[in-house]
Structures are given as structure tokens and as C-alpha cells.
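1. Below are the sequence and a predicted model; questions follow.
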Amino acid sequence: MAVSVRVRIAPSPTGFAHLGTASTALYNVLFARKEGGTFVLRVDDTDTERNRPEYEALIYESLRWLGLDWDEGPDKGGPYAPYRQSERVDLYRQEAARLIKDGKAYRCYCTPEELEAERKQAQLEKRPYRYSRRCLKNPPEGRSVFAVRFQVPGGEVRFTDMIRGEMKFDTDLIGDFIVMKSDGYPVYQFASPVDDAVMKITHVIRGEEHLSNTPYQLMLIDALGYDRPQAYAHMPLILAADGSKLSKRKHPEANLILFRDRGYLPEALLNYLALLGWNPGTTQEIFTFEELLESFSFDRVQHAGARFDWEKLDWLNGEWIRRLSDEELAIRLQAFVPELDLETIRRAVPALKTRLPRLAQAVDYLDYLWKDPSTPALDPETAQRVRSAIEVLRETQWELEPIESALEKAVEQSGVSKGKFYNPLRDLLTGKKVSLPIHYAFALLPKDVALSRLERAA
RNA sequence: GGCCCCGUCGUCUAGUGGCCUAGGACGCAGCCCUCUCAAGGCUGAGAUCGCGGGUUCGAAUCCCGCCGGGGCUACCA
């Protein structure tokens, strides 16, 4: 009988929701939906130092914004609740105790300072560092604070990676490692495989930084007598411009919610993320989520990390914006220009559409509608032309077409070029060198406001 | 240091022994369109396929070595 697919992401609420989380979530969702499986969200909050509840809320908000919703999670429950690791510590403690009882782990009383000294010594002697096993062989007397350390059995660990094929690690190189911290909380390396096993996760899809961690987790799974996941998939890392891994600390621009605030469309971000590190083998660049479901497969995933390219994202985002219906664009624009009513936004949209790499940039084109520009001094000839514009405009019905033809008539009579005629008008109206086409610039403004901006200069 | 992953235009990539005088996309340059800015159309520059050895009639593609980058090696995740 085929076991139904269960995948998961396990972000930790130690900061803003990260781009990498979105990327991993995407691949997990894609795989789950494709296989008719279940997507689980598990919050990895075992870092008591850095966790904050508000960060957890941010993860929900960001993932939901992207439309990457989960089937089971801390906020919706599920058959394997709880889904917050801090609420599962009894399980980890119990499993750690079982390891100790079975002679597969032991209490370690070493202080961080002592361990640091061991490491330094190893470095000095230029030998690879592995824990000395002091606490296994002759633990210090009279100490009560301890961590639980796994006794690495050694030998070879093999597993299947859906991207890289068969992987093989020599665990004799791995020293005994901590599974339970002295504060009674598990370490990621322990909590993660335990939960994966207990929650019946069948495929572990995560970032490449976990590739070398996999043997640690597999040893634990074996020691505990659990079934191993069927397969792993280690996705290529998203790199910063300097080629290093995008990190929360070094790269604040990786904050997911920032993408929303800057006016990226969820569709575009998802599309871009999919293309980063994966390609369909065709020249198609624009993918809806449904199309991704169709064509995505792990065997076409890249093995090397990929640098995040904001310019390409902007282009893709523009493509997506242009594909939106006018009405849909208007609705999405509302949050970015709260000063304007929907009707005004609707009227601006046809002109705005081809000019926005990001929704937030609508402000640059529209803020003259609620901000009064300063009035520059005009030379006599320009002033004369402005007056002729005022004259025709006064008689004009205040809509796009009539304004455009009235203006064109005035240009013709003036004998100068459209550019020479329109540019001063643009400046008077918007205070800018760049604006929507001049008839839009006029039409979006109430007639009396528009005319007064011209009149006070001429 | 040890282990693991990786290495094609600036960036993302196609490419699995001859179809490659290495293709596409973003970006960049020029032209067209044009009231500004975009969008759109056309054209173009841009990669001795990290380097050095092999194997082969023939290698970006296979093998070895080196170099370079990244990740892991924490009582972070």
C-alpha cells in the first residue's frame, strides 16, 4: 500500500520570515499538491534565547500572503498536534531518556568553557575536532547541570536525495553531539528527526545547508528505531549578491513581508523563486502556480546555489502586473495609495499598468493628486502657451479624450512641438519631470484644481 | 583544518561525445514608436564552457589533479 505523502517545513521564529522559508515552502507545497499529500507547518521554537511569538505570527502572515497555506499547523491543529516544538519537549525528554537507557546517549557535564578549550586544543594540534568523550569515560564528580550527548555509533550512512541521487557519509568523522541542551530543550538536530518520524513525514524537502546534517539525524532515527523518511531533497541555497548564503542577520532585504510592502505580487515572487534553482527545460519564464504544478520536478533542480537577482524579479513582477485585469490591479493598488478612492485609481490604471515594476511605485506617479507642487517662474513665451492651454481646457469636458484633443489643438496653434508645449504643463501640474501621459495627469485631478495650478503660474 | 555540495555570458540558466561558429531570459547599448517615463518592436555587445592534464577521429559534455566558491562541523536553526 502506498503511504500518502507528508511533507513539512519547520521555520524557527527567531526573526522576520525569511525568503528561504518561502522558497522551501513553495517546493514543499508543489510536491505535496502534486502527490496529493499533506503539507505540515511545524514551528521550531526550541531556541529559548531568540524566539518571539510575534515572529511566529509574521511567518503565518507572510506564507499566507504568498498563498502557501498548510494543512496542519500550530494554528489549525491536526492529527499529530501539537505542532510547536516548545510544546513537545516532554516527547524529546522521554526519547532522550530512552537513548540513555539503551546506552546510546550519555549525560555530559562539560561546561561550554571546557568544550571551547577542547576545540582550541584540537585546532592548535591541527587535528579535526571531535568531542573527547570525557563524560562517557570518566565524568567529573559533583556536577548536576548536564546536557545529553548522543554516542555516535560510527560507520556509513546512506540515503537518497531526490536531487543529488545516492548520498554516502562516513560518520566516523562525526563526534558525539548534544541532543538535549542543559536548559532541558532539544537541539534542532534532535527535535527535527524525532518530529519527522512521529509525524510520519515521508519526504524531507529543505535547504542545502541541511545536507551535511542529514547523517546526524539518520543516526538518531536509527538509534530510536523509527522508520526513516523515504527520501530527502536538498534545495540549492539562495545566495546574496556577494555569493554567500542569504541570512537574516546580514541580509535584512530577505524579509518576506518587505516584498509585499514593496509591491511585489505573490504570483511574481513565487514564479521567480521557482525559477531560481530550477528550470523547466523550455524557454518558458512566466508560470502560474498551476503551471508550476504541471512542470515542476526535482530532477530539474539545480545543484549549485543561485544569486538572488532583484532586477529580474522586477521584470517578472512587471510582467505579472501587466497580466492583471484593470479592475484587479486597481484593487491591489488600494493599499499602496490610501489617499485615493478606488474610482480615481481605476481611472489611472490603464496608464499606470505599463509603468510599474512594483505596485508601491504608483505613489511616484500619483502623489501629485494629494500634494500641491511648488509653482516655478515661467518665461513669457511659456506663460503665453500655458494661458492658451488654460483657455481651451476651460471649455473642455473633463475626461480623457476631450482633454487630449483639446490639448493637441492648442499645440497645433502654438506652432511648437508637443514636448515643448507639454513639459511645462507637466511641471506645473505634478512638479515632476516624469508623469503619466499629460491628458491623464490632467484628467485625474479635479478640473478646478488642475486649472488653478496652471493659472497661478501664468 | 576535516567532511559535503558546486563551478557555462555581469546574473539566472539550456546543454548528458559530433545538431555548439555555445541557445534563451534579466540587465546593458543602439534604433523605431513617442508629450515625459514606461510598455512594445527590431538590432547588437557580452562566455577561449574555473585551470591543467588525459581518453577519443571528435569534449562544455567522460576520467584524474589543481584552483575557486558555498555549506556543515555550536548546549543556533
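-> The structure has been received and is ready for your questions. Numbering: from 1, shown residues only, chains lettered A, B, ... in the order given.
2. Identify each of the helices in the stretch 1-150 of chain A and give its residue range.
-> A:19-35, A:53-65, A:89-101, A:112-124, A:134-137 (DSSP state H, counting those that start in this stretch).
3. cool, the stretch 351-458 of chain A as well?
-> A:362-366, A:380-394, A:400-414, A:418-430, A:438-443, A:447-455.
4. Let me see the mean pLDDT of the third one.
-> Helix A:400-414 comes out with an average pLDDT of 96.
5. Give the buried residues for it.
-> Of all the residues in helix A:400-414, those buried under the rule 16 or more other CB atoms under 10 Å are A:400, A:402, A:403, A:404, A:406, A:407, A:410, A:411, A:414. C-beta here means a position set from N, CA and C on the backbone, and glycine is covered the same way.
6. who touches that helix?
-> Helix A:400-414 is touched from outside by A:385, A:388-389, A:391-393, A:395-396, A:417-418, A:421-422, A:438-440, A:442-443, with contacts defined as CB atoms under 8 Å, 6 or more residues apart in numbering.
7. likewise the last one?
-> Counting by CB under 8 Å, 6+ apart, the neighbours of helix A:447-455 from elsewhere in the structure are A:372-373, A:375, A:386, A:389-390, A:393-394, A:398, A:425, A:428-429, A:442, A:445.
8. so which of those comes closest to residue A:212?
-> residue A:373 (58.6 Å; CB to CB).
9. For residue A:97, grab the count of nearby residues.
-> 13 (other CB atoms under 10 Å).
10. For RNA strand B, find the nearest of the helices of the stretch 1-150 of chain A.
-> helix A:112-124 (5.3 Å; CB to the nearest atom of the strand).
11. other SSEs contacting that closest one?
-> Other helices and strands packing on helix A:112-124, by 3 or more CB pairs under 8 Å, 6 or more residues apart in numbering; DSSP states H and E, are absent; none qualifies.
12. Quick one: distance of it to the chain centre.
-> Centre-to-centre, helix A:112-124 and its host chain are 38 Å apart (CA atoms, centre = their mean, to the nearest Å).
13. List the neighbours of that helix that are in contact with it.
-> A:110, A:128, A:129, A:130, A:131, A:132.
14. how about 6 Å then?
-> A:129, A:132 (CB atoms under 6 Å, 6 or more residues apart in numbering).
15. Would you indicate which residues of that helix are buried?
-> Going by neighbour count (16+ other CB under 10 Å), the buried part of helix A:112-124 is A:115, A:118, A:122.
16. before we move on, what about stretch A:29-45?
-> A:29-33, A:37-45.
17. What of stretch A:155-163?
-> A:157, A:159, A:161, A:162, A:163.
18. Ok, stretch A:375-390 next?
-> Applying 16+ other CB under 10 Å to stretch A:375-390 flags A:378, A:382, A:385, A:386, A:388, A:389, A:390 as buried.
19. Check stretch A:98-116 too.
-> For stretch A:98-116, by 16+ other CB under 10 Å, it's A:99, A:100, A:104, A:105, A:106, A:107, A:108, A:109, A:110, A:115.
20. circling back to that earlier point, now rank the contacts of helix A:447-455 by neighbours and give me the top one.
-> residue A:442 (27 neighbours).
21. residues touching that one, list them.
-> Per CB under 6 Å, 6+ apart, neighbours of residue A:442: A:403, A:450.
22. can you do 10 Å?
-> A:389, A:393, A:396, A:398-400, A:403-404, A:406-407, A:425-426, A:429, A:436, A:450-451, A:453-454 (CB atoms under 10 Å, 6 or more residues apart in numbering).
23. returning to that earlier point: make a markdown table from the contacts of helix A:447-455 and add distance to RNA strand B to it.
-> Below are the contacts of helix A:447-455 laid out as a markdown table (distance: CB to the nearest atom of the strand, whole Å):
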| residue | distance to RNA strand B |
| --- | --- |
| A:372 | 19 |
| A:373 | 14 |
| A:375 | 19 |
| A:386 | 14 |
| A:389 | 12 |
| A:390 | 17 |
| A:393 | 15 |
| A:394 | 20 |
| A:398 | 16 |
| A:425 | 8 |
| A:428 | 13 |
| A:429 | 10 |
| A:442 | 10 |
| A:445 | 15 |
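24. So which residues on the stretch 251-400 of chain A come close to RNA strand B?
-> Within the stretch 251-400 of chain A, the residues that sit near RNA strand B (CB under 7 Å from any atom of the strand) are A:275-277, A:279, A:281, A:283, A:285, A:300, A:302-307, A:309, A:311-312, A:314-315, A:318-319, A:322, A:354-355.
25. Strands along chain A, start to end?
-> Applying DSSP state E to chain A gives strands spanning A:6-9, A:38-41, A:105-108, A:147-150, A:156-161, A:165-170, A:177-180, A:203-207, A:231-235, A:238-239, A:306-307.
26. any low-confidence regions in chain A?
-> Applying pLDDT under 70 to chain A flags the ranges A:1-2.
27. you'd agree residue A:224 is up against residue A:102?
-> Yes: between residue A:224 and residue A:102 there is a contact at 9.0 Å, judged by CB atoms under 10 Å.
28. How many neighbouring residues does the nearest residue to residue A:68 once chain neighbours are set aside have?
-> Distances taken as CB to CB, 6 or more residues apart in numbering put residue A:25 closest to residue A:68, at 4.6 Å, once the chain neighbours are dropped. Burial measure for residue A:25: 28 neighbouring residues, criterion other CB under 10 Å.
29. Contacts only, for residue A:25.
-> A:7-9, A:11, A:17, A:39, A:41, A:59, A:62-63, A:66, A:68-70, A:205, A:256, A:270, A:273.
30. still on that earlier bit, which one of the buried residues of stretch A:98-116 is nearest to residue A:326?
-> Residue A:326 lies nearest to residue A:99 out of these, by CB to CB, at 62.1 Å.
31. Spell out which parts of the stretch 51-200 of chain A neighbour RNA strand B.
-> A:108-112, A:115, A:126-129, A:131, A:145-147, A:164, A:167, A:169-170, A:173, A:175, A:177-178, A:181-183, A:185, A:187-189.
32. Filter these down to the buried ones.
-> A:108-110, A:115, A:131, A:147, A:167, A:169, A:175, A:177-178, A:182, A:185, A:187-189.
33. picking that back up, considering only the buried residues of stretch A:29-45, which also neighbour RNA strand B?
-> residue A:44.
34. Now flag whichever of the buried residues of stretch A:29-45 is closest to residue A:52.
-> Nearest member of the buried residues of stretch A:29-45 to residue A:52, counting by CB to CB, is residue A:45, at 9.1 Å.
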